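give the three-dimensional model of this entry:
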Amino acid sequence: MDIDYGDRSLPESLCDHGQAKPPDNGEGVRGPSFWDTLMGGAQTAASREVEDYMKTGKMKVEYAQGNKRLPKVFLDKSVTDNMYSPWKESLVVSLLGKTLGFRTMRTKLSNIWRLAGEFDLLDVDNGFYLVKFDLEEDKQKVMEGGPWMIFDHYLAVSTWSRDFVSPAAKVTKTLAWVRIPGLNVVYYDESFLLSIANVIGTPVKVDTNTLKAERGRFARICVEIDLTEPVVGKL
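Below is the predicted model:
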């Protein structure tokens with residue numbers, strides 16, 4: 001985890017008066033931030049309780065070869081689980097082979113998804129965006145309704161994981177609908193289909209028509225597949 005100290009000089013107004021007013025960008029009062037949406041409601045930084053993990057023993061620091069310029073930080077699992085929890089319902093999207101600015105990406109996503117509710121978008125660098133939806137049905141639509149295309153480029157959609165780090169991330173996973181043709185209708189069982197989908201990737205959901213046995217030509221399962229591994233062609 002690299003550290004960028006940036007410009008160490010203080011703004012002139014801060015040097016002269018000890019404080020400076022936040023810049024007025026002319027937009028007036030801002031709406032809820034991505035973090036507010038993520039947490040399920042507007043919260044100020046002051047409303048969130050701050051804990052010194054070093055003092056409570058939940059964080060420990062070791063130094064590589066005794067060098068204090070090379071610290072290693074260790075966090076208690078309860079801390080990381082708590083920090084990861086709000087992000088679990090987010091999706092990660094990235095446009096393959098093309099880079100778009102934030103506003104263009106948001107506009108294009110709105111146009112192709114046509115959601116019932118709103119969504120929040122966070123640019124996390126390296127061409128990746130985190131998406132948080134107001135409605136669960138909209139999240140399901142994005143996950144299940146692909147493939148999505150923008151300017152003839154494929155939009156990779158995957159679930160967020162705790163291992164995701166945008167500067168080093170590559171598109172290695174995406175959601176795909178898998179069809180299993182010729183399957184005896186007695187096996188159109190959700191538990192069975194999700195279980196066998198594990199040999200293909202990470203199972204997400206079984207198609208509603210499959211569960212209702214309304215279409216018998218094939219069973220359809222949404223699976224998150226690893227693009228770095230050879231695909232499974234037969235069960």
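
how close does Pro203 sit to Lys139?
16 Å (C-beta to C-beta, to the nearest Å). In short, each C-beta sits where N, CA and C put it, glycine included.

correction: Pro86
Plainly put, Pro86 is 15 Å away from Lys139 if you go by C-beta to C-beta.

more crowded one of these two?
Lys139 (20 against 14; other C-beta atoms under 10 Å).

quick one, what contacts the more buried one?
Taking C-beta atoms under 8 Å, 6 or more residues apart in numbering as the criterion, Lys139 is in contact with Glu89, Leu91, Phe133.

neighbours of the last one, just the number please.
What it means is Phe133. Phe133, neighbours per other C-beta under 10 Å, totals 22.

was I right to think it contacts Val142?
Yes. Look at Phe133 against Val142 with C-beta atoms under 8 Å: they come within range, at 7.5 Å.

shared neighbours, these two?
Joint contacts of Phe133 and Val142 (C-beta under 8 Å, 6+ apart) are Leu91, Leu115.

pull out the buried residues from stretch 116-125.
Buried positions in stretch 116-125, judged by neighbour count with 16 or more other C-beta atoms under 10 Å: Phe119, Asp120, Leu121, Leu122, Val124.

how far is that stretch from where the chain is centred?
Centre-to-centre, stretch 116-125 and its host chain are 10 Å apart (C-alpha atoms, centre = their mean, to the nearest Å).

dump it to PDB, restricted to CA.
The C-alpha trace of stretch 116-125 is given here as PDB (Å, rounded to 0.1, in the frame of the first residue of the first chain):
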ATOM      1  CA  ALA A 116     -36.700   1.500 -11.600                       C
ATOM      2  CA  GLY A 117     -34.700   3.300  -8.900                       C
ATOM      3  CA  GLU A 118     -31.600   5.300  -8.600                       C
ATOM      4  CA  PHE A 119     -28.000   4.000  -8.300                       C
ATOM      5  CA  ASP A 120     -24.800   5.600  -7.000                       C
ATOM      6  CA  LEU A 121     -21.500   5.300  -8.800                       C
ATOM      7  CA  LEU A 122     -18.000   5.500  -7.400                       C
ATOM      8  CA  ASP A 123     -14.900   5.800  -9.600                       C
ATOM      9  CA  VAL A 124     -12.200   3.700  -7.900                       C
ATOM     10  CA  ASP A 125      -9.500   4.200 -10.500                       C
END
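
average pLDDT for it?
Per-residue pLDDT over stretch 116-125 has a mean of 88.

and what of stretch 174-186?
Across stretch 174-186, the average pLDDT comes to 84.

residues making contact with that stretch?
With C-beta under 8 Å, 6+ apart as the contact definition, stretch 174-186 has outside contacts at 143-144, 146, 156-159, 193, 197, 200-201, 204, 207, 213, 216-225, 227, 235.

next: stretch 191-205.
With C-beta under 8 Å, 6+ apart as the test, stretch 191-205 has contacts from 140, 143-144, 159, 173, 175-176, 178, 180, 187, 206, 210, 219, 221-226, 231-232, 235.

the residues you listed, buried ones only, as a PyMOL selection?
In PyMOL, this line selects whichever of those come out buried by 16+ other C-beta under 10 Å:
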select buried, resi 143+144+159+173+175+176+178+180+206+210+219+221+222+223+224+225
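
okay, and which of the contacts of stretch 191-205 map to strands?
Using DSSP state E, the members of the contacts of stretch 191-205 that fall in strands are 159, 173, 175-176, 178, 180, 206, 219, 221-226.
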